[in-house]
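> I need the structure of the sequence given here:
(one chain, ligands or ions: 1)
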Amino acid sequence: MLCHICNTLVKSFTHTKNEILYYHCEPCQYIFKSPLYYQDFSSQKERYNLHTNHEEDLGYIAYFQRFLDFVLPHIDMPKNALDFGCGRSSLLASLLIKSGIDCDYYDPIYHPKTLDESKKYDLIVSTEVFEHLHQPRKVFEDLIQRLTPKGYLAIQTQFHPNDEEAFKNWYYHQDPTHIVFFRAETFKILAHKYHCEYLMDNDKNMVIIQKTKGI
Ligand SMILES: [Zn+2]
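Residues are numbered from 1 along each chain as shown. As a prediction, the model looks like this:
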């Protein structure tokens, strides 16, 4: 099996508890479940329907605010933004609009018809989305193409511990819809591959990448 991010030959390991086969790429630190465990759209939707985050929930607002408090001070003020994979809620988009940034939102399950194929964005945010993607490199490339020159892509997904034993005890991959796992290094390699600048991360779950050339 070759790494879906950097095409290097990957190692595999099996989790004895759930018997799921995982692949681990040393150079880019990407870990992914065997594609046999990837779920179809309807099972994913059933699982997402269990999420009961309400837009007026202060904890939910604070959760997104922490993301924006990391991202916005580090970038030039964007004129517009896209929340890619917003889920059922457009709360993050509303918070961006309150910050003075015109914001669209898109979700393949809940808001599938909201994406304007020709529109470019100064900022694309994507929180708790990448761990669900069957083809993260393709989506990354697609998002970079939707950015204006020097636009920003800000992603939130939990960084895995990069140690197989620690990984087995890690909570994040227990969710059956979480199938692929990243670290800062993985995003550095993706950024380089698509001629972007890797601006920064918080060493935990957030990264900011800037487009530097047209792709
Ligand atoms: Zn790799």
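
> Would you map the helices across the chain?
Under the criterion DSSP state H, the chain contains helices at 41-48, 58-71, 91-98, 136-145, 164-169, 184-193.

> residues near the closest residue to residue 75 other than its chain neighbours, how many?
Excluding the flanking residues, the one nearest residue 75 by Cβ to Cβ, 6 or more residues apart in numbering is residue 152, at 4.9 Å. Just so you know, the C-beta spots here come from the backbone N, C-alpha and C atoms, and that holds for glycine as well. By other Cβ atoms under 10 Å, 25 other residues sit near residue 152.

> Could you do residue 138 as well?
Number of residues near residue 138 (other Cβ under 10 Å) recorded here: 11.

> Please name the bridge partners of the residue nearest to residue 75.
Assessed by DSSP bridges, residue 152 has beta-bridge partners residue 123, residue 210.

> okay but residue 121 is in contact with residue 78, surely?
Yes: look at residue 121 against residue 78 with Cβ atoms under 8 Å: they come within range, at 7.5 Å.

> shared neighbours of those two, anything?
Contact criterion Cβ atoms under 8 Å, 6 or more residues apart in numbering; residues shared by residue 121 and residue 78: residue 151.

> Skip the chain neighbours and tell me the closest residue to the most centrally placed residue in the chain.
The chain has residue 130 as the residue nearest its centroid, 3.0 Å off, counting by Cα atoms, centre = their mean. In space, and not counting its chain neighbours, residue 130 is closest to residue 157: 4.4 Å by Cβ to Cβ, 6+ apart.

> Repeat that for residue 115.
Take residue 115 and drop its neighbours on the chain: the residue closest to it by Cβ to Cβ, 6+ apart is residue 106, 4.5 Å away.

> count of neighbours near that neighbour?
21.

> Just list whatever residues bridge to it.
residue 84.

> what about it, distance to residue 148?
Residue 106 is 17 Å from residue 148, where distance means Cβ to Cβ, to the nearest Å.

> If you count neighbours, what's buried in stretch 73-85?
Going by neighbour count (16 or more other Cβ atoms under 10 Å), the buried part of stretch 73-85 is 75, 78, 80-85.

> swap in stretch 111-122?
Buried, per 16+ other Cβ under 10 Å, within stretch 111-122: 111, 121-122.

> Lowest-scoring secondary structure element of this protein by mean pLDDT?
Lowest by mean pLDDT, DSSP states H and E among the helices and strands of the chain is helix 41-48, with a mean of 76.

> What lies in contact with that one?
39, 87-88, 109-110, 132, 175-177.

> out of the residues you listed, which is most surrounded?
Among the contacts of helix 41-48, the one with the most neighbours (other Cβ under 10 Å) is residue 132, at 21 neighbours.

> Please name the residues that touch that residue.
Here residue 132 is in contact with 44, 85, 177-180 (Cβ under 8 Å, 6+ apart).

> hmm, back to that, so can I have CSV of the buried residues of stretch 111-122 showing pLDDT and distance to the ion?
Putting the buried residues of stretch 111-122 into CSV (pLDDT from 0 to 100; distance: Cβ to the ion, whole Å) gives the following:
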residue, pLDDT, distance to the ion
111, 92, 31
121, 98, 27
122, 98, 29
